[in-house]
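**Student:** no sequence for this one, just the structure:
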């Protein structure tokens, strides 16, 4: 859970919550760019878990103490923990913010802790973002015990397919294919628009995928 409250009645700007099946709860965000960043973490196979506002960081500049709350903490499959700051690229041109983030990055380097700045240009790269929004929409359909997904996987194993169109022919509904993609049973190149001709592959049980979308 976050160490400080992100969404408050008096909070300025656009804030809200995004559902995460990976984390099993709602994730708070305090800017539309953070909301989109959550999709990257949610659908990156190499991300085991993530959380918002994870820690209060205190650092010093010329003997003066400052406080910093990273936007996200991301835990990778091999155990590395990265703190992530999300910022519009345009804001990074402001000298005061640029200097502050450089000081924060220096603090993390001194502590030998990974730190990453993600910009809106990276987060909102198309067509990947549109693909993730499509998968997010289908991910939210209810299947508490995963029985439907398991049934569709069995069908796919009996009659494998190489494209979304082929998988749709096997399962009888393209929405089922999107559900399997969203759940990580199938994968495709998200850097290209998802279409009937998209090449897909099956993720076999126990197969490790440390791919990151950021």
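**Tutor:** All right, it came through fine. Quick caveat: nothing in here was measured; it's all calculated off a predicted structure. Residues are numbered from 1 along each chain as shown.

**Student:** And the next helix or strand past the longest helix along the chain?
**Tutor:** The residue-count maximum for a helix in the chain (DSSP state H) belongs to helix 95-110. Following helix 95-110 in sequence order, the next helix or strand is strand 115-119 (DSSP states H and E).

**Student:** That following strand pairs with which strands, and in what direction?
**Tutor:** Strand pairing for strand 115-119, using DSSP bridges, gives strand 81-87 (parallel).

**Student:** quick check: mean pLDDT across the strand it pairs with?
**Tutor:** For strand 81-87, mean pLDDT is 98.

**Student:** So for that strand, what gets flagged as buried?
**Tutor:** Buried residues in strand 81-87, counted by 16 or more other Cβ atoms under 10 Å: 82-87. Any C-beta I mention is one placed from the backbone N, CA and C, and that applies to glycine too.

**Student:** Look up which helix or strand residue 55 falls in, please.
**Tutor:** Residue 55 belongs to no helix or strand, assigned by DSSP H and E.

**Student:** residue at max distance from the center of the protein?
**Tutor:** Within the chain, residue 63 marks the point farthest from the mean C-alpha position, 36.4 Å out by Cα atoms, centre = their mean.

**Student:** Could you measure from it over to residue 102?
**Tutor:** 18 Å (Cβ to Cβ, to the nearest Å).

**Student:** The helix or strand of the chain with the lowest mean pLDDT packs against which elements?
**Tutor:** Using mean pLDDT, DSSP states H and E, helix 147-158 stands out as the lowest-scoring helix or strand of the chain, at a mean of 89. Here helix 147-158 touches helix 164-171, helix 174-183, going by 3 or more Cβ pairs under 8 Å, 6 or more residues apart in numbering; DSSP states H and E.

**Student:** confidence score at the most centrally placed residue in the chain?
**Tutor:** Centre of the chain computed as the mean C-alpha position; nearest residue by Cα atoms, centre = their mean is residue 41, 1.7 Å away. Residue 41 carries a pLDDT value of 98.

**Student:** wait, isn't residue 35 in contact with residue 29?
**Tutor:** Yes. Counting by Cβ atoms under 8 Å, residue 29 is a contact partner of residue 35 at 4.4 Å.

**Student:** joint contacts of these two?
**Tutor:** 16, 18 (Cβ atoms under 8 Å, 6 or more residues apart in numbering).

**Student:** Among the two, which residue is more densely surrounded?
**Tutor:** residue 29 (23 against 19; other Cβ atoms under 10 Å).
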